[in-house]
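A.B. asks: fold the following for me, if possible:
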Amino acid sequence: MPRDSNESDGSDSGVPLGRRQFVGAVGASVPLALAGCTSGGDSEGSKNSSTAASGGDASSQSDGSGGSPKSGGTLQWGGAVPVQGLDPHLDSSAASKRVLENIYEELVQLQPDYSLKPHLAKTLKKQENNTLLSMELHQGVKFHDGTEMTAEDVMASYQRVANGDYLASGFFKFVENMTAPGKYKFEIKLKEPFAPFIAKMATAELAIMPKKEAQKKKIGEPVGTGPYRFESREIESSFTMTKFEDYWDAGDGGPYLDKIVKSEITDPSVRLQSFQAGDYDFINGVAPKDVNTVKNMPNARFEKQFPKSLVYLGMNCNRKPFDDKHARLALDFALDKQKIMQAALYGTGQTTATPATPGSPWVNKDVQPRPRNKQKAKQHLKKAGKPDGYKATFKIPQSYPAQVQAAKVISDQASDVGIQLDIQKITWNSWLSDVYSKQNFQATTSSYLALWYPDVSFYKFLHPEGAFFFTGWTNDEYNKLVEEARHMYDQQKRAEKYHKATEILHRERAGHLFLWWQANLFGAKNQYKGDIGAPDGSTLRFQNNWLEN
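C.D. replies: Coordinates of the predicted model:
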């Protein structure tokens, strides 16, 4: 679900901090969630979708590669949303996670193909019917304070979360015990096989920090093992990190940049103008309406990366008219999702009928968005006992212009079959209070961030025990499928569960009517090299980026 921001394209999302402990109990706070394993050949699917374009005559380097990496230089980054907090176990904002991804590291790391591989852990073995996670740690890993990472630091980091009120604290209800049988060995004993725990280990919510830092209730200055170290922060103004010269994993390349300076430029128009003027080497949060402007810049490249966020139309299945499946199906058939996405995102999005990450094995390719069919919409209205249509309030968070624009198109299309949606633009706080907490709504729109593991999207939002369940739709067969999937490590068998679950969501017209996947939109000077973004579709990794002279 989105977290409020002043960004015009509504690109940053997170979770309401007031529900942090509840969020952690059932799923990832920033939707970064999968259910696979690490070493041993388990994989989470195919590569995430991304495209690149370059202006002028630089199309041969449109992916940002070309030439040999070079060390040195300061990357000037025009950021869309200010960094919030600096505690990886505590802060749910996407803006914070984008920088913390480079400062902190985890035992397991997400790869571009959605697989999970040991990272700070040299090996990870699943034993005793997938309930014992045994890890050998890399030796010689240095924290930014110069101390060596050992199993004591790992234990302290995990105990901090397990015994506190942090984003992932609830996950430890699945843990029987944790031990550090050697200086470089760490083990986790699960009460039962629970695949999402390994995925959680690949997020900043279980980042590793020095033992003395883990003993603090809240982190003020981050100290990790990452390729870049924290230097300074001016609240609401800038954030600076510098190369960590003793980075343990530099053998495969990077870090190359001496310094990264993020300037907080919340207005997308000002940010774009500054980029055009040459003030920045890189900007994130390009507004969809400005994509062609970036593409046409002679010495710049544009990149689009899925997934970032999934936008949906929420229908309250506990209130009329949407307590009737046919009323929901009538609205579904009344809408042309492609036109809605085009209007809201200027064609930069991707329509969907599933919450599964694009390109992942969890996608049921046989389930597609229903095409607009006014005749079928009217047939379902008759089945719902409302042949002349119905009226419903349509509460839209006003700080998300793309959703506001989409709501206008949705309302116009629905009216063609007699469905009158009364658009009510509300503040973010009102949305959290009235729509999300009190379920005082009939229809609404919302979104959640890149869902690279399926447990978040299929369980947390759509299972009655999920932390973000609020539209009221429930189905016993669906619930059983996603419950079983949580405890399975075999990718193919899990995928089959999610494919069947998708069919039920679609057939029964669940309370989440998926509209589109929204992409991260980036602009960069041609001399800024390397891949932009990170596999999770939400954060950024700068280790293998460099600047050409």
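A.B. asks: any low-confidence regions in the stretch 201-350 of the chain?
C.D. replies: Screening the stretch 201-350 of the chain residue by residue with the criterion pLDDT under 70, one finds the ranges 252.
A.B. asks: an error on my part: the question was meant for the stretch 51-200 of the chain.
C.D. replies: Confidence mapping of the stretch 51-200 of the chain against pLDDT under 70 gives the ranges 51-66.
A.B. asks: show me where it has strands.
C.D. replies: Listed in chain order, the strands of the stretch 51-200 of the chain (DSSP state E, counting those that start in this stretch) span residues 74-79, 108-110, 116-118, 121-127, 132-137, 175-182, 185-190.
A.B. asks: output the contacting helices and strands for the helix or strand harbouring F394.
C.D. replies: Per DSSP states H and E: F394 is located in strand 390-397. The contact analysis (3 or more C-beta pairs under 8 Å, 6 or more residues apart in numbering; DSSP states H and E) places strand 390-397 against helix 401-415, strand 419-426, strand 443-449. In this view, the C-beta of every residue, glycine as well, is placed from N, C-alpha and C.
A.B. asks: out of these, flag the one nearest S92.
C.D. replies: Nearest of the helices and strands packed on strand 390-397 to S92, taken as C-beta to C-beta: strand 443-449 at 9.6 Å.
A.B. asks: C-terminal to that closest one, what's the next element?
C.D. replies: The C-terminal neighbour of strand 443-449 among helices and strands, as given by DSSP H and E, is helix 454-455.
A.B. asks: buried sites along the strand holding F394?
C.D. replies: Within strand 390-397, the residues that count as buried by 16 or more other C-beta atoms under 10 Å are Y390, A392, F394, K395, I396, P397.
A.B. asks: what strands line up against it, and which way round?
C.D. replies: Under the criterion DSSP bridges, strand 390-397 sits next to strand 419-426 (parallel), strand 443-449 (parallel) in its sheet.
A.B. asks: what's the most buried one of those?
C.D. replies: Most buried of those by mean neighbour count (mean count of other C-beta atoms under 10 Å) is strand 443-449; its value is a mean of 27.
A.B. asks: tell me the mean pLDDT for it?
C.D. replies: Here strand 443-449 scores 90 as its mean pLDDT.
A.B. asks: then stretch 529-545?
C.D. replies: For stretch 529-545, mean pLDDT is 92.
A.B. asks: go through it and flag the buried ones.
C.D. replies: In terms of neighbour count (16+ other C-beta under 10 Å), stretch 529-545 has its buried residues at 529-545.
A.B. asks: in strands, which of those residues fall?
C.D. replies: Among the buried residues of stretch 529-545, the subset assigned to strands under DSSP state E consists of K529.
A.B. asks: list the strands paired with the host helix or strand of Q518, with their directions.
C.D. replies: Secondary structure assignment for Q518, by DSSP H and E: strand 512-525. Strands flanking strand 512-525 in the sheet, each with its direction: strand 282-284 (antiparallel), strand 300-315 (antiparallel), strand 350-351 (antiparallel) (DSSP bridges).
A.B. asks: give me the residues contacting the last one.
C.D. replies: Counting contacts by C-beta atoms under 8 Å, 6 or more residues apart in numbering, the residues outside strand 350-351 that touch it are S49, F306, K337, Q338, M341, P358, P369, L515, W516, W517, A519.
A.B. asks: let's see that with 10 Å instead.
C.D. replies: Counting by C-beta atoms under 10 Å, 6 or more residues apart in numbering, strand 350-351 makes contact with 49, 304, 306-307, 310, 336-342, 358, 368-369, 514-519, all of which sit outside it.
A.B. asks: ok, back up a step: which one of the buried residues of strand 390-397 is nearest Q273?
C.D. replies: For the buried residues of strand 390-397, the nearest to Q273 is P397 (26.8 Å; C-beta to C-beta).
A.B. asks: report the buried residues of the strand holding Q518.
C.D. replies: Of the residues in strand 512-525, those buried (16+ other C-beta under 10 Å) are 512-525.
A.B. asks: quick one: that strand to chain centroid distance?
C.D. replies: 11 Å (C-alpha atoms, centre = their mean, to the nearest Å).
A.B. asks: just want the angle from it to strand 74-79.
C.D. replies: Using axes from the mean of the first three to the mean of the last three C-alpha atoms, to 10 degrees, the interaxial angle of strand 512-525 with respect to strand 74-79 works out to 150 degrees.
A.B. asks: follow-up on the earlier one: columns distance to D416 and mean neighbour count on top of the strands of the stretch 51-200 of the chain, output as JSON lines?
C.D. replies: As requested, the strands of the stretch 51-200 of the chain are exported to JSON lines (distance: least, C-beta to C-beta, whole Å; neighbours: other C-beta atoms under 10 Å):
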{"stretch": "strand 74-79", "distance to D416": "42", "mean neighbour count": "22"}
{"stretch": "strand 108-110", "distance to D416": "43", "mean neighbour count": "24"}
{"stretch": "strand 116-118", "distance to D416": "47", "mean neighbour count": "21"}
{"stretch": "strand 121-127", "distance to D416": "54", "mean neighbour count": "18"}
{"stretch": "strand 132-137", "distance to D416": "54", "mean neighbour count": "20"}
{"stretch": "strand 175-182", "distance to D416": "53", "mean neighbour count": "13"}
{"stretch": "strand 185-190", "distance to D416": "52", "mean neighbour count": "20"}
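A.B. asks: tell me which of the buried residues of strand 390-397 has the lowest pLDDT.
C.D. replies: Ranked by pLDDT, those bottom out at P397 (93).
A.B. asks: surely that one and S433 touch.
C.D. replies: No - because the distance of 11.8 Å does not satisfy C-beta atoms under 10 Å, P397 is recorded as not touching S433.
A.B. asks: who touches both of those two?
C.D. replies: With C-beta under 10 Å, 6+ apart applied, the overlap between the contact sets of P397 and S433 consists of I426, T427.
A.B. asks: and the helix ranked longest in the chain, what does it pack against?
C.D. replies: Counting by DSSP state H, the longest helix found in the chain is helix 491-507. Here helix 491-507 is seen to pack against helix 325-334, helix 454-455, helix 476-485, strand 512-525 when contacts are counted using 3 or more C-beta pairs under 10 Å, 6 or more residues apart in numbering; DSSP states H and E.
A.B. asks: of those, which is nearest H119?
C.D. replies: Each of these was checked against H119 via C-beta to C-beta, and the shortest separation belongs to helix 454-455, namely 20.6 Å.
A.B. asks: so L124 bridges to which residues?
C.D. replies: In this entry, L124 is beta-bridged to M135, by DSSP bridges.
A.B. asks: quick one, what contacts L75?
C.D. replies: L75 makes contact with 241, 256-262, 280-282, 524-525, 528, 542, 545-547 under the criterion C-beta under 10 Å, 6+ apart.
A.B. asks: now D323
C.D. replies: Taking C-beta under 10 Å, 6+ apart as the contact definition, D323 lies against M315, N316, C317, A384, G472, W473, G511.
A.B. asks: kindly report the same for V175.
C.D. replies: Counting by C-beta under 10 Å, 6+ apart, V175 touches L133, Y158, A162, I188, K189, L190, K191, F194, F197.
A.B. asks: against N130, how distant is the fifth one?
C.D. replies: Taken as C-beta to C-beta, to the nearest Å, the spacing of K189 relative to N130 amounts to 11 Å.
A.B. asks: do the third one as well
C.D. replies: Shown here: A162 relative to N130, a distance of 20 Å by C-beta to C-beta.
A.B. asks: sorry, back to before: narrow the contacts of L75 to those that are buried.
C.D. replies: Neighbour-count burial within these applies to 241, 256-257, 260-262, 280-282, 524-525, 528, 542, 545-547; the criterion is 16+ other C-beta under 10 Å.
A.B. asks: right, and the pair among those with maximum separation?
C.D. replies: Of all pairs drawn from those, the one with the longest distance (C-beta to C-beta) is M241 and K525, at 19.6 Å.
A.B. asks: that older thread, out of the contacts of D323, list just those in strands.
C.D. replies: M315.
A.B. asks: hmm, which two among the contacts of D323 are most spread apart?
C.D. replies: Using C-beta to C-beta, the contacts of D323 span at most 16.6 Å, a distance reached by A384 and G472.
A.B. asks: neighbour count winner among those two?
C.D. replies: Set A384 next to G472 and count neighbours by other C-beta atoms under 10 Å: A384 wins out with 21 against 17.
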